[in-house]
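Enquirer: Build me a model from this:
(one chain, ligands or ions: 2)
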Amino acid sequence: MILSFRWYGKDDPIPLRHIRQIPVIKGIVSALYDVPVGEEWPREKIAALQRAVRDEALELSVIESIPVHEDIKLGLPTRDRYIDNYRRSIRSMGALGIPILCYNFMPVFDWMRSDLSMELPDGSTALSYDHEAISSIDLKDGVLDLPGWATSYTAEGLRSLLDAYAGIGTEDLWRNLEYFLKAVVPVAEESGVRMGIHPDDPPWPIFGLPRIITDDAAFERLIGIVDSPSNGITFCTGSLGPNAGMDLVKSIGRFTRRGRVPFVHARNIRRTGKRSFHETAHCTGSGDVDMYRLMRELADAGFDGALRPDHGRMIWGERGRPGYGLYDRALGAMYLAGLWEAVIGASQ
Ligand code: CS2
Ligand code: MN
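Expert: Ligands and ions are numbered 1, 2, ... in the order given. This is a model prediction of the structure:
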């Protein structure tokens, strides 16, 4: 298992030098943040990122993410050009020996929360989600009015994108995902890159937009589209955790045993209602995700991919990118490393 840590590149307020001081971290999860969505990632830029990581005695283990252009999700005729670029970017990853690619297929928005700094009883803050609050938001003016939330869309851009999705239902989205996977997975396999789709977060539709990667049935359907070790899952415990009907331990074991889990996001959440939850510290006692049993099951299933602490709380007065401060993620990393050492009976 490669214990890894997400780094947002040179603009991340947390330097690699600090990440390196977390003694258990071996891998870095990163991306290029200055390539327009849909364009090919220049190989020399990926190589420069890899060099910067190696200069701190770490390894660039995962690219998270190469974003999938909305035209691909919408199934527009322009998608073929973007898919071609995607394939070329994957080839470059493979040529540089970067083995894992995380991506998602969520329309318009990535993860969604109603509050980016909900105060927990101990004075720390965490991200939280309340379905009623999200459902009461009206996007017709193209403005997502949530405190602290930055979207990359102009009002006009968001409005026209939402219009474009008006005719897209769940099955359309599956069809478009299928088209994408059939085009890119063979290239990933040839290149020695394992792709892992990130589940939808939260795992249900928001703003009337379809969301499809939400449970075991979806994973089963996904891996059946192209039967390849390169067509896998990023098992994000915090994204799936709000789905109370899912047995995460069973699920992670089932798909890991089939060789389809190259990457794990370890994050804990506490469910506070049918469609409400907040994030917590990583440890089992803090939330509803049984981290110990998950790690034991992963070890039993022979997990050999990368794993990273996902969102942390803000503690000790730290300020920064929501979910991506240093302190709580570092605590999470140490905790996860401790669990892993115990379940495999050896240090890494
Ligand atoms: C991440 C996602 O911050 C997070 O919750 O897990 O933003 C993730 O990077 C993307 O969904 C992957 O494409
Ligand atoms: Mn995640």
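
Enquirer: ok, now which ones touch residue 307?
Expert: 1-4, 263-266, 298, 336, 340 (Cβ atoms under 8 Å, 6 or more residues apart in numbering). Where you see a C-beta, it was placed from the backbone N, CA and C, and this is true even at glycine.

Enquirer: One more: residue 68?
Expert: So residue 68 contacts 86, 103-105, 180 (Cβ under 8 Å, 6+ apart).

Enquirer: quick one: which helix or strand includes it?
Expert: Using DSSP states H and E, residue 68 sits in no helix or strand.

Enquirer: again, but for residue 187
Expert: Using DSSP H and E, the element containing residue 187 is helix 170-191.

Enquirer: Which residue is the nearest non-sequential neighbour of the residue nearest in space to the middle of the chain?
Expert: The chain has residue 198 as the residue nearest its centroid, 4.7 Å off, counting by Cα atoms, centre = their mean. Computed as Cβ to Cβ, 6 or more residues apart in numbering, the closest residue to residue 198 that is not its neighbour in sequence is residue 104, at 4.1 Å.

Enquirer: shouldn't the one you found be in contact with residue 195?
Expert: No - using Cβ atoms under 8 Å, residue 104 is not in contact with residue 195, being 11.0 Å away.

Enquirer: And these two? Which one has more around it.
Expert: Taking other Cβ atoms under 10 Å, residue 104 and residue 195 do not tie; residue 195 has more neighbours (27 against 23).

Enquirer: So the more buried one belongs to a helix, correct?
Expert: No - counting by DSSP: H, G, I helix; E, B strand; the rest coil, residue 195 is not found in a helix; it is strand.

Enquirer: hey, what's it bridged with?
Expert: residue 101, residue 231 (DSSP bridges).

Enquirer: Of the contacts of residue 68, which ones also sit close to ligand 1?
Expert: With Cβ under 6 Å from any ligand atom as the criterion, the members of those in contact with ligand 1 are 103-104.

Enquirer: Pull the most distant pair out of the contacts of residue 68.
Expert: 86 and 104 (13.3 Å; Cβ to Cβ).

Enquirer: wait, doesn't residue 92 sit right on residue 43?
Expert: Yes - the pair residue 92 / residue 43 is scored as a contact, 4.0 Å apart, by Cβ under 8 Å.

Enquirer: More neighbours: which of the two?
Expert: Neighbours were tallied for residue 92 and for residue 43 using other Cβ under 10 Å; the higher tally belongs to residue 92 (21 against 15).
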